[in-house]
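> A structural model of the following input is requested.
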Amino acid sequence: RRLRRAKHSGAARRASSARETGSDDVAVGSQAARQTAAAAAAQAQLSDTRGTRAVGQATRNQAATMPFAADDVPAEKHSLKVTNTMPVYKSVDELNPYFGEFGGRFLPATLEAAHEDLERIYVEASQDPEFQLELEALGRDYVGRPTPLYFAERLTKRVGGAKIWLKREDLAHTGAHKINNALAQCLLAKRIGKKRIIAETGAGQHGVATATACALLDLDCTVYMGEEDMRRQALNVFRMKILGATVTGVSSGTKTLKDAINEAMRDWVTNVRTTHYIIGSAIGPHPFPTIVRDFQSVIGRETKAQSLEQMGKLPDMVVACVGGGSNAIGMFHPFKDDKEVGILGVEAGGSGTDTDKHCATLSLGRPGVLHGTRTFLLQGDDGQITETHSISAGLDYPGVGPEHAHFKATGRGNYVYCTDGEALEGLKLLSECEGIIPALETSHAVFKACEYAKTMDKDANIVINLSGRGDKDMESVAQAMGVNLGVLSLAEVAAAGKEGKVNAKDLAAVEDSTFTIDGRPFTTEIQALKGKEFASIEEYTEFARSELPSLMENISSWWRSTDALPKREIGVRGGRRATGRGELPFSTTAGISNVAMHMHLHT
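Okay, the predicted model is just below:
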């Protein structure tokens, strides 16, 4: 313990200093390699002192026969044949903070006690059969485990080469793998005694999963999300609000996942006594990479059992997309010691690695420290994080989980990248062949898996972790493909009018039928609202109560209590005003959600 604290303390002071000066994204780059050289040496010393006992435990935890708390409980009391819980840890010392030279816990002192408490509670829960049985029951009856291993016959014939199989995590409750970790960590939070949960999200799936678990377990939920990601994933923002979560937009930096993590960590520092932070990916300070991996490893364990049953052997290759890497490490880790199984991680190549618009961290990054862990990062020569880009919000992150960094460094995993255009091809291919629309994140893995399948023997088997479904991405996909869904903002209508694409009568109708709230324009058919300017939503509501009482009866009280104004202008369909339903005081954008329109909401 003394060695562990010694090696973390220097980096913790540096991280705290960087935060105080406002340098949230200091990666510490090549300097970090020098700064953590001593830490690596201390880690080697610590490993040596633990001797063969720790090595033996690590081997058992990686094996298919790893011990679980309820192993001695009669089979009829188990809800799942393949458990979705963590293996047994006999003590905190068995939670190794490092994966080779990567990982660690680089934190301000204010968060050290919370992490030590989390370690202790996690170890205790791992030894408790009741925790395992409760999580298994929720996994079967609520999440829908086990998810199927599906042979994509038509896709296989279309591509040629190896047989392609899909691990259908898109069929889990909420539509992605994220629920595996979120639900388990919410149970841990209740065990700790913390009733407030915070989370970060990029594509919105972790936010939706966390909000779902909090609703089930009666926990307060706040989700941080970059404003750019909120724009790309408006439907998931709405889903989180429906589930009772508070969604807080982040306007700093690139307004994406990295910045959402920064804000969530600030919140945690301030409210650590009452709040548990559920990190959504296998990133962050120890023990989070291990906890997230353990709860996601059900994916790989089920795939192993299903492969033996359906193929008669283990697959030749497992493939997953990699951003932070939770779905990927959940698939890869159970196959870690099966050397005959290839491991392929697919990163977001964005506009191409010959540009600066990509997220190919393991392909082009260098070791550094970010968000409390040492891993590969996209950074400049000065150690500052560089801006990233991906069509998929969930892969738009400049780092990667430390265990993936270890797989890369040791050669156990092969990591490649897939561009935005190739990901769209993967999405279209799977949709057309199998009637399954994958998430944009997953589409990266689909495209590359198909490319590899072409080069393999027909008797070979490839399993793709289909980590999420694509409903959330349809607006982004349509935009990328140049498809007009029939929703135009007022600004777009005005521009179209100048180009003669919208007739003068329609354009005049739009311009003459607007009012503003906090400077944002809304269209309306109510004469009393036309031309009005309201400084805030409260001012608008008071006006409506006094001047438009009949309309207020139709407005949901839930909408009136919303804590944030729309981030986008209200739209019009095909150049004409969207009238909404009934006597609405303003129109709503089509194409986001009929539910939102019926509830008089704009996400």
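
> How much space separates residue 374 from residue 324?
Using C-beta to C-beta, to the nearest Å, one obtains 15 Å as the distance from residue 374 to residue 324. In short, each C-beta sits where N, CA and C put it, glycine included.

> Likewise for residue 192?
23 Å.

> Between the two, which has more neighbouring residues?
residue 324 (30 against 16; other C-beta atoms under 10 Å).

> which residues sit in contact with the more buried one?
257, 280, 281, 282, 283, 397, 399, 400, 401 (C-beta atoms under 8 Å, 6 or more residues apart in numbering).

> Would you mind finding the longest strand in this protein?
strand 342-350 (DSSP state E).

> Show me what the helix or strand hosting residue 415 is packed against.
Residue 415 belongs to strand 414-419 when assigned by DSSP states H and E. Judged by 3 or more C-beta pairs under 8 Å, 6 or more residues apart in numbering; DSSP states H and E, strand 414-419 is in contact with strand 342-350, helix 361-364, helix 402-410, helix 440-454.

> how about these, which one is nearest residue 287?
Closest of those to residue 287 is helix 402-410, at 11.6 Å (criterion: C-beta to C-beta).

> Next, work out how far apart residue 110 and residue 370 are.
19 Å.

> And for residue 328?
18 Å.

> repeat for residue 307
Residue 307 is 35 Å from residue 370, by C-beta to C-beta.

> So for those two, which residue has more residues nearby?
Between residue 307 and residue 370, counted using other C-beta under 10 Å, the more crowded position is residue 370 (31 against 21).

> pLDDT score for the residue nearest to residue 290 when sequence neighbours are not counted?
Excluding the flanking residues, the one nearest residue 290 by C-beta to C-beta, 6 or more residues apart in numbering is residue 95, at 5.9 Å. On pLDDT, residue 95 comes in at 95.

> In stretch 328-341, which residues are buried?
328, 329, 330, 331, 332, 333, 334, 335, 336, 338, 341 (16 or more other C-beta atoms under 10 Å).

> Same check on stretch 99-112?
Buried, per 16+ other C-beta under 10 Å, within stretch 99-112: 99, 101, 102, 103, 104, 105, 106, 107, 108, 111, 112.

> still on that earlier bit, hey, what's the angle from the longest strand of the chain to helix 440-454? Just curious.
Here the directions of strand 342-350 and helix 440-454 differ by 130 degrees (axes from the mean of the first three to the mean of the last three C-alpha atoms, to 10 degrees).

> which helices and strands sit right next to strand 342-350?
Applying 3+ C-beta pairs under 8 Å, 6+ apart, we find strand 342-350 packed against strand 317-321, helix 326-332, helix 361-364, helix 402-410, strand 414-419, helix 420-434, helix 440-454.

> mind running it again at 6 Å?
strand 317-321, strand 414-419, helix 440-454 (3 or more C-beta pairs under 6 Å, 6 or more residues apart in numbering; DSSP states H and E).

> which one of those lies closest to residue 144?
helix 440-454 (17.6 Å).

> Can you name the helix or strand that the most centrally placed residue in the chain falls in?
In the chain, the C-alpha closest to the average C-alpha coordinate belongs to residue 206, at a distance of 4.6 Å (C-alpha atoms, centre = their mean). Taking DSSP H and E as the definition, residue 206 sits inside helix 205-217.

> That helix: which residues count as buried?
205, 206, 207, 208, 209, 210, 211, 212, 213, 214, 217.

> now the angle from that helix to helix 440-454?
Going by the same axes, to 10 degrees, helix 205-217 makes 120 degrees with helix 440-454.

> Who are the packing partners of helix 205-217?
Helix 205-217 packs on helix 178-192, strand 196-201, strand 220-226, helix 234-242, going by 3+ C-beta pairs under 6 Å, 6+ apart.

> Tell me where the model's unsure across the chain.
Low-confidence segments of the chain, defined by pLDDT under 70: 1-65, 486-513, 523-525, 527, 548-603.

> let's see it at 80
Confidence mapping of the chain against pLDDT under 80 gives the ranges 1-65, 484-515, 518-531, 537-538, 540-542, 544-603.

> Name the surrounding residues that touch the helix holding residue 206.
Applying C-beta atoms under 6 Å, 6 or more residues apart in numbering, the external contacts of helix 205-217 come out as 174, 176, 178-179, 182-183, 186, 197, 199, 201, 221, 223, 236, 239-240, 243-245, 278, 280, 468.

> what do you get for stretch 285-297?
86, 95, 97, 105, 107, 119, 180-181, 184, 279, 282, 326, 329-330, 333-334, 372-373, 401-402.

> Please apply the same query to stretch 252-263.
Residues external to stretch 252-263 that are found in contact with it (C-beta under 6 Å, 6+ apart): 24, 200, 202, 224-229, 250, 371, 387, 396-398.

> can you give me the end-to-end distance of it?
9 Å (C-alpha to C-alpha, to the nearest Å).

> same question, stretch 263-280
End-to-end span of stretch 263-280 (C-alpha to C-alpha): 14 Å.

> do the same with stretch 124-131
Terminal-residue distance, stretch 124-131 (C-alpha to C-alpha): 10 Å.

> in it, what's buried?
125, 126, 131.

> possible to save those residues as JSON lines with distance to residue 163 and secondary structure?
Output for the buried residues of stretch 124-131, formatted as JSON lines (distance: C-beta to C-beta, whole Å; DSSP: H, G, I helix; E, B strand; the rest coil):
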{"residue": "125", "distance to residue 163": "39", "secondary structure": "helix"}
{"residue": "126", "distance to residue 163": "36", "secondary structure": "helix"}
{"residue": "131", "distance to residue 163": "38", "secondary structure": "helix"}
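
> what would those residues look like in CSV with distance to residue 288?
CSV is the format used below for the buried residues of stretch 124-131 (distance: C-beta to C-beta, whole Å):
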residue, distance to residue 288
125, 15
126, 15
131, 18
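
> Out of the residues you listed, which comes closest to residue 159?
Nearest to residue 159 among these, with distances taken as C-beta to C-beta, is residue 126, at 41.3 Å.

> Would you agree that closest one is in contact with residue 86?
Yes - counting by C-beta atoms under 6 Å, residue 126 does reach residue 86; the two are 4.9 Å apart.

> What segments of the stretch 1-150 of the chain are helices?
2-20, 29-35, 37-62, 112-126, 129-138 (DSSP state H, counting those that start in this stretch).

> Residue 484: which element?
Per DSSP H and E: residue 484 is located in neither a helix nor a strand.

> Check the gap between it and residue 392 for me.
Taken as C-beta to C-beta, the span from residue 484 to residue 392 is 22 Å.
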